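S.K.: sequence and predicted structure, then a few things I'm wondering about:
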Amino acid sequence: MAFTEKKCSVCGKFSWDSQSGNYHERHEVKGKPGVSAPCDTNGGTWVDGVRK
């Protein structure tokens, strides 16, 4: 299975899916200190380090 990373279009952090499990970053909601939201995956996809 390929290592697939997806970039958040809001904050630029990467979340990923791999054989060893999935990991999804969170970021603070703008204008709401202390409130976090799960990152989206609309900022681009990289497979094994190559942008798709």
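M.R.: Perfect, thanks for sending it.
S.K.: for the rest of this, base every contact and every neighbour count on C-alpha atoms.
M.R.: Will do.
S.K.: show the contacting residues for residue 13.
M.R.: Contacts of residue 13 were listed using C-alpha atoms under 8 Å, 6 or more residues apart in numbering, and they are 7, 25, 39.
S.K.: give me the nearest residue to the last one, chain neighbours excluded.
M.R.: Going back to what we said before, that points to residue 39. Distances taken as C-alpha to C-alpha, 6 or more residues apart in numbering put residue 26 closest to residue 39, at 5.1 Å, once the chain neighbours are dropped.
S.K.: same check on residue 44?
M.R.: Using C-alpha to C-alpha, 6+ apart, the nearest residue to residue 44 is residue 7, at 5.3 Å.
S.K.: now residue 45
M.R.: Nearest non-adjacent residue to residue 45, counting by C-alpha to C-alpha, 6+ apart: residue 6, 4.5 Å away.
S.K.: so residue 34 makes contact with residue 27?
M.R.: No: counting by C-alpha atoms under 8 Å, residue 34 does not reach residue 27; the two are 9.7 Å apart.
S.K.: who's more crowded, these two?
M.R.: residue 27 (17 against 9; other C-alpha atoms under 10 Å).
S.K.: residue contacts, the residue nearest to residue 44?
M.R.: So residue 7 contacts 13-15, 40-45 (C-alpha under 8 Å, 6+ apart).
S.K.: recalculate using a threshold of 7 Å.
M.R.: Contacts for residue 7 (C-alpha atoms under 7 Å, 6 or more residues apart in numbering) come out as 13-15, 41-45.
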